[in-house]
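Enquirer: My questions concern the predicted model and sequence given below.
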Amino acid sequence: MFKPALALVAALTLPTLALADDDDDKPGMGLAGLLSASNKQDLPPITLSAGMPLAEAPWRLKSGTYYEFEIQGDGSQELALVGPEFFRAIWIDEIVVEGLEIRPLGLDSVEFDEAGEMEIGFIALKPGSYYLKVPGSTGETQRLEIVIE
């Protein structure tokens, strides 16, 4: 009678004990894995403004890391941001616009008809070189180079 009960307790307890590994050399993700706070990084914002650079520097991202960034449009001109290859190389967790959370299956571009702000949270997946840019622009300041390692 006690042997089956003891076996059940052991079966339920041993996997839990294996999770409590004290090896400090291994990076820990926490209970939420890829979405845990220890795996999250904030990126500098992108600014959509007539004649102004999109960002100060290119982004170097690590595959498997969760990132958040803001896109800030000042309303000086109707401006969009395109980057279909980049958006296919990431998994978008959510887009937040004025407190409204959007969870899309995919994304090709975003556009600001007036001043506003949005935040995008995503996990970088596919290594490679990508970009986000203002469509129809040719200047380097209107393009953000992105590398996922």
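Expert: That came through fine. Numbering: from 1, shown residues only.
Enquirer: hey, let's count contacts and neighbours off CA atoms from now on
Expert: Will do.
Enquirer: Please give me every residue in contact with the residue lying closest to residue 103 once chain neighbours are set aside.
Expert: Using C-alpha to C-alpha, 6 or more residues apart in numbering and skipping the chain neighbours, the partner closest in space to residue 103 is residue 94 (4.6 Å). Neighbouring residues of residue 94 by C-alpha atoms under 8 Å, 6 or more residues apart in numbering: 101, 102, 103, 104, 120, 121, 122.
Enquirer: just checking, the first one touches residue 95?
Expert: Looking back up the chat, that one is residue 101. Yes: between residue 101 and residue 95 there is a contact at 5.7 Å, judged by C-alpha atoms under 8 Å.
Enquirer: hang on, the residue nearest to residue 103 is in a helix, isn't it?
Expert: No: assessed with DSSP: H, G, I helix; E, B strand; the rest coil, residue 94 is strand; it does not lie in a helix.
Enquirer: so it bridges to which residues?
Expert: Residue 94 forms beta bridges with residue 121, as assigned by DSSP bridges.
Enquirer: Please apply the same query to residue 109.
Expert: Bridge pairing for residue 109 (DSSP bridges) gives the partners residue 82.
Enquirer: per-residue confidence at it?
Expert: Note on residue 109: pLDDT of 95.
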